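Participant: okay, here's the prediction I keep looking at, along with the sequence it came from:
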Amino acid sequence: MKLRTLLPLLFVGVAACDSAPKAPPKADWKTFSDAYIEATFKADPYFAVYQGRHEYDGILPDWSKAGINAEIARLKAALADAEAIDPAGLADADRFERDYLIAVTRGNLFWLETARWPYRNPAFYTDGGLDPNVYVARPYAAPDVRLKAFVKYANALPKAAEQIKANLTGPMPRTYIDYGLAAFNGYADYFAKDVKMAFAEVKDEGLQKELGAASSAGAKAMRDLAAFMETKRTGQTEDFVLGPETFAAMVRETEGVDISLDELERIGEADLKRNQAALKSACDKLAPGKSIADCMAVVANDKPADGPVAEARRQLPDLRAFLVKADLVTIPGTEEALVEESPPFNRQNSAYIDIPGPYEKGLPSVYYISPPDPSWPKDVQDGFVPGKLDLLFTSVHEVWPGHFLNFLHANRAKSQFGKVFVGYAFAEGWAHYTEEMMWEAGLNDGDPATHVGQLSNALLRDCRYLSAIGMHARGMSVEQSRQMFRDQCYQDEGNARQQSARGTYDPAYLNYTMGKLLIRKLRENWTASRGGRKAWKAFHDEFLGYGGPPIPLVRKAMMKEPDAKAVF
């Protein structure tokens, strides 16, 4: 499965209403669940490919209005059928999976029908079908086989581009235009310059000719899309806002968190203050007498001489060894993650990881780290490159014991549904939770500079949380968000610009902190009667065994509570 720190997975395609699974007899839940997975793959072949189902190679979703409407109808039919099944007649595991399936379906319907993301947000397409990385970089088959898949994909891009332009007809926020231009031009540059190098080992002249023609067609389609985005400049707006009611619905429908926005905001503000106080304490030890900004600079300016990719490669073995020594969580399997520079079409985040899905066998995961935007001023570029200890907790987040370990467990879950559907707050909440957990467990033996590195990442996520609420429900501007990242969360200018913009097209990026806080409270409650700190490993193993459902569902199962609820 591909995991990036952008948007929740969105499933859209051409499946007709009658392809939805029908409600089965009480004893036949597995048939229903399996049929739902297969119908999702048919509706979203891009998602299927990233799960490792390569019979769908090269096929893009149908993003026509008819295709989107058909997917909404399919999801509604599946939801009605699932809700019609009496949970009392199901085994415990099947009852949990039924609730899980209902939650996934409601979440996808929110993005398609309520938020109307296909008609508003170019990130819907970049994160939901356009990325060619699976064919270029994931060695799931011989290079010539992957080249043929890429050719099929690239030849489908002109039609997809026309569908995207037909959908994104209205005025567009400035940040969406900026995002779309960077992404679509990045794809075009990649197709024009880099794809041939990626498949250079294929010596078949005929295939290379096909690759050249398809790459040119794909590059032209993406360049046309970028030009289309540029035409939006004259009417650009700052109107990206979901609004309070829709934002509250997003949190409820996608993550099962049903609380007031006032309470949600209070929770985020409390975590910001907690981390700010911890940062002051750490800085008093590291740099007594200096300001918080100067203290942060001490850590931020300790940059790896040979760059963050080389530094991350050094960090990963040490982090894994610490996990084993501290006995914090089971590490299933012997897989390791590679570290590479991110491709030019996907640098809107400083780091992310590409993890093979549950249907793949024996393939590497790749932890990507982005260089700074070369258009930025030199001082902004320099500030964007992370310090060693800031990067250390990015490596914790992405690999050990964050996303990579999460998916080692998820890909071995007992439930096939749990293997396939891993949600935003679960995945990002777990990865962010592990940063603080590793510090609490003694990483680097209480070193205050290490604590500053951990807190820098925690504060970044606190400002994401508060920016999401602020910009979409409280009237906060992008500039006010940028200032908050700078002044309250002590982020460099490049990150502050990037993150404030991201909050406009990824309002769910509050899920990092929200998920972390839900997991911390669940750990506190679950381990209270099981030995406290001694039970952390058992807690982590059981939590990860569920796959990736909304965390309130996991809480209900682990705490044996009658209802799924969010407890912070």
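Facilitator: Nice, I can see it. Residues are numbered from 1 along each chain as shown.
Participant: quick check: residue 372 is in a strand.
Facilitator: No - Residue 372 is assigned coil when assessed by DSSP: H, G, I helix; E, B strand; the rest coil, not a strand.
Participant: so residue 215, which of the three states?
Facilitator: Criterion first, three-state DSSP; result for residue 215: helix.
Participant: shouldn't it be in contact with residue 192?
Facilitator: Yes - contact criterion C-beta atoms under 8 Å: residue 215 and residue 192 qualify, at 6.9 Å. For the C-beta atoms, the positions are set from N, CA and C on the backbone; glycine is no exception.
Participant: mind checking which of those two has more residues around it?
Facilitator: The neighbour count for residue 215 versus residue 192, taken as other C-beta atoms under 10 Å, is higher for residue 215 (25 against 16).
Participant: if I look at that one, how far off is residue 343?
Facilitator: As defined by C-beta to C-beta, to the nearest Å, residue 215 lies at a distance of 14 Å from residue 343.
Participant: just residue 289 next, same as before
Facilitator: Distance check for residue 289 against residue 343: by C-beta to C-beta, it reads 44 Å.
Participant: between the two, which one's more packed in?
Facilitator: Looking at residue 289 and residue 343 with other C-beta under 10 Å, you find the greater number of neighbours at residue 343, namely 20 against 8.
Participant: name the residues that touch stretch 322-339?
Facilitator: Counting contacts by C-beta atoms under 8 Å, 6 or more residues apart in numbering, the residues outside stretch 322-339 that touch it are 309, 312-313, 316, 320, 353, 364-369, 398-401, 404-405, 408-409, 412, 437-438, 441-443, 536-537, 540-541, 544.
Participant: first-to-last residue distance for it?
Facilitator: Stretch 322-339 has an end-to-end distance of 19 Å (criterion: C-alpha to C-alpha, to the nearest Å).
Participant: ok, now stretch 238-258?
Facilitator: Distances were taken as C-alpha to C-alpha; on that basis the terminal residues of stretch 238-258 are 28 Å apart.
Participant: list the buried ones in that stretch?
Facilitator: 240-242, 246-257 (16 or more other C-beta atoms under 10 Å).
Participant: now, the most widely separated pair of the residues you listed?
Facilitator: Of all pairs drawn from the buried residues of stretch 238-258, the widest gap by C-beta to C-beta lies between 240 and 256 and measures 24.9 Å.
Participant: need the outlier residue of this protein, farthest from its centre.
Facilitator: Of all residues in the chain, the one whose C-alpha sits farthest from the chain's mean C-alpha position, using C-alpha atoms, centre = their mean, is residue 289 at 38.9 Å.
Participant: and that one, what pLDDT?
Facilitator: Per-residue confidence at residue 289 stands at 96 (pLDDT).
Participant: tell me the SS of it?
Facilitator: Applying three-state DSSP to residue 289 yields a three-state assignment of coil.
Participant: please name the residues that touch it.
Facilitator: By C-beta under 8 Å, 6+ apart, residue 289 has no neighbours at all.
Participant: how near is it to residue 334?
Facilitator: Residue 289 is 48 Å from residue 334, by C-beta to C-beta.
Participant: kindly report the same for residue 514.
Facilitator: Looking at residue 514 against residue 334, where the rule is C-beta to C-beta, the gap reads 33 Å.
Participant: more neighbours: which of these two?
Facilitator: For the pair residue 514 and residue 334, the greater number of neighbours falls to residue 514 (30 against 6), based on other C-beta under 10 Å.
Participant: report how many residues lie close to the spatially closest residue to that one that is not a sequence neighbour.
Facilitator: Counting by C-beta to C-beta, 6 or more residues apart in numbering, residue 425 is the residue found nearest to residue 514 once chain neighbours are left out, at 5.9 Å. A total of 30 residues lie near residue 425 under the criterion other C-beta under 10 Å.
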